[in-house]
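J.: sequence plus predicted model, see below.
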Amino acid sequence: MAIYRGTGGTGDSNTDSTISAVTTQAVNAANSASEASSSASSAATSATSATNSQNTSTAKASDAATSAAAALTSQNSAAADLALTNADVVLTNADVVSAEADKVQTGLDRVATAADVITSAASASTATTKASEAVSSASAASSSASAASTSESNAGTSETNAASAQTAAESARDTAVASYDSFDDRYLGAKGSAPTVDNDGSALITGALYFNTNTQVMSVWDGSAWAVIAPSAANQANVDIVAGNIVYSEDLGSISTAVTTSSGSSISVVAAAIADINRYATEYTIASSSPSSPSAGDLWYDSVANALKYYTGSVWAAISAGIASVAGDSTPQLGGALDGQNYNMTNIGTISGTNLQLDFGGL
C-alpha cells in the first residue's frame with residue numbers, strides 16, 4: 001500500500017514511487033497549463049497582427065480582407081480550442097492529482113486505522129497484563145490481610161499471656177514483700193541498743209528478736225520489755241551449780257549438788273572401764289516387758305510388777321527379799337538362830353552336829 005509520508009517522512013518503495021508519479025503528473029499539468037497560456041497569448045498576438053494588417057491593407061481587395069477575416073476567425077477558433085484542450089488536460093491532471101491524493105489519504109486512513117488497531121491490541125495486552133498484575137496484587141493483599149489477622153490474633157494471645165504473667169509476677173512480688181515485711185517485723189537485726197519500735201516504725205510485736213552488738217546477746221520482746229534469751233530458771237540453776245567447777249579430767253557422775261573440790265575419778269579411768277559399763281548396760285534392763293535375746297544371768301527389772309528378775313537360761317525368775325526357796329540350795333546355811341515360829345519340822349532326816357542342843361521345853 002502507498003503511504004504519503006510528507007516531506008522528510010519514512011516509507012517504502014511503493015510509497016516513494018506513487019508520490020514520484022503524482023509529483024510528475026502535477027509538474028506535467030503545470031507545464032500544460034503554462035503552454036496553454038502561451039498559446040493563448042500567441043493567438044492574441046496573431047489576432048492583433050491580423051487586425052493591424054487589415055487596417056494597413058485597406059487597399060487590398062475584399063477577397064484578401066475576407067480571407068484575412070476567415071483566417072482570423074480560424075486562427076481564433078484554433079487558439080481557443082487549443083486553450084480549452086490544454087485547460088482540460090490541466091483539469092484532468094488535477095483530477096489525477098486529486099485522485100492520487102485521495103489514495104494517499106486513504107492510505108493514511110488505513111495506516112491510522114491499523115495504528116488504532118495496533119494501539120487497541122497493545123492497550124488490550126497492557127490491560128490484560130495490568131489485570132493479571134491486579135489479580136496478583138489482590139492475592140498478595142489477601143495473603144497480607146490473612147497474615148495480618150494471624151499476627152493480630154497472636155498479638156492478642158501474647159498480650160493475654162503477658163497480662164497473666166504480669167499478674168502472677170505482681171502476686172509473687174506482693175507475697176515476697178509481705179513475707180519479708182513479716183520477717184523484718186520479727187527479727188529486727190543487730191542493734192547497738194534495745195529498739196522501741198520495729199524497722200518500719202510500728203509497734204513491737206510479741207516474740208520480736210534483736211541482737212545487741214554491745215552485750216553480744218539475743219533478746220526477745222515479751223510484750224512489755226526485752227528479755228535476754230537464756231535457759232529456764234531450773235536449767236540456769238543447774239548451770240550456776242557447775243559454773244567454774246568442771247575440770248576436764250573429772251568424772252562427776254550425776255551432778256545434784258555443787259562440787260567445790262577437784263577430787264574425783266579421772267575420765268581416763270572411766271574410759272578404761274567403758275567395756276564393763278557397756279556390758280552392764282546390756283545385762284541390766286529396766287522395762288515394762290522382758291528383753292529380747294537375753295543371756296543367762298541377765299537382770300531385768302519388771303516395771304509393771306515392780307519385781308527384779310534374772311534369766312535362768314530358759315525363763316525369767318523373780319528375785320524376792322529374803323530366802324524365797326531353800327529347795328534349790330543344796331548347801332543352805334543359817335546366819336543365826338532358826339526360829340520355827342511354833343511350826344513343826346517334819347520329814348527331818350539325821351540331825352548331826354558337834355554342838356547340837358535340843359530344848360524340849362516342859363517335857
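T.: That came in fine, so what should we check first? Residues are numbered from 1 along each chain as shown.

J.: every contact and neighbour count from this point should use C-alpha atoms.
T.: OK.

J.: give me the domain ranges for the protein.
T.: 13-162, 273-323 (automatic domain parsing).

J.: now tell me which of these the model trusts least on average.
T.: Among those, domain 13-162 carries the lowest mean pLDDT, a mean of 68.

J.: next structured bit after the helix or strand where T285 lies?
T.: For T285, the host element (DSSP states H and E) is strand 284-287. Following strand 284-287 in sequence order, the next helix or strand is strand 299-302 (DSSP H and E).

J.: in that next one, what counts as buried?
T.: Applying a neighbour-count criterion of 16 or more other C-alpha atoms under 10 Å, one finds L299, W300, Y301, D302 buried in strand 299-302.

J.: check stretch 187-205 too.
T.: Residues Y187, L188, D198, N199, L204, I205 are the ones in stretch 187-205 that count as buried (16+ other C-alpha under 10 Å).

J.: what sits up against it?
T.: With contacts defined as C-alpha atoms under 8 Å, 6 or more residues apart in numbering, stretch 187-205 is touched by 184-186, 208-214, 221, 223, 226.

J.: strands of the stretch 151-300 of the chain, start to end?
T.: Taking DSSP state E, counting those that start in this stretch as the test, the strands found in the stretch 151-300 of the chain are 187-191, 209-212, 217-221, 226-228, 250-251, 265-266, 284-287, 299-302.

J.: for Q166, which of those is the nearest?
T.: Q166 lies closest, by C-alpha to C-alpha, to one member of the strands of the stretch 151-300 of the chain: strand 187-191, at 30.8 Å.

J.: compute the inter-axis angle for that closest one and strand 217-221.
T.: Going by axes from the mean of the first three to the mean of the last three C-alpha atoms, to 10 degrees, strand 187-191 is angled at 140 degrees with respect to strand 217-221.

J.: for strand 187-191, C-alpha coordinates in CSV please.
T.: Extracted C-alpha coordinates of strand 187-191, given in CSV (Å, rounded to 0.1, in the frame of the first residue of the first chain):
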residue,chain,number,x,y,z
TYR,A,187,13.8,-10.2,113.5
LEU,A,188,15.0,-6.6,113.8
GLY,A,189,18.7,-7.4,113.3
ALA,A,190,21.8,-6.2,115.0
LYS,A,191,21.3,-3.1,117.2
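
J.: alright, calling it a day.
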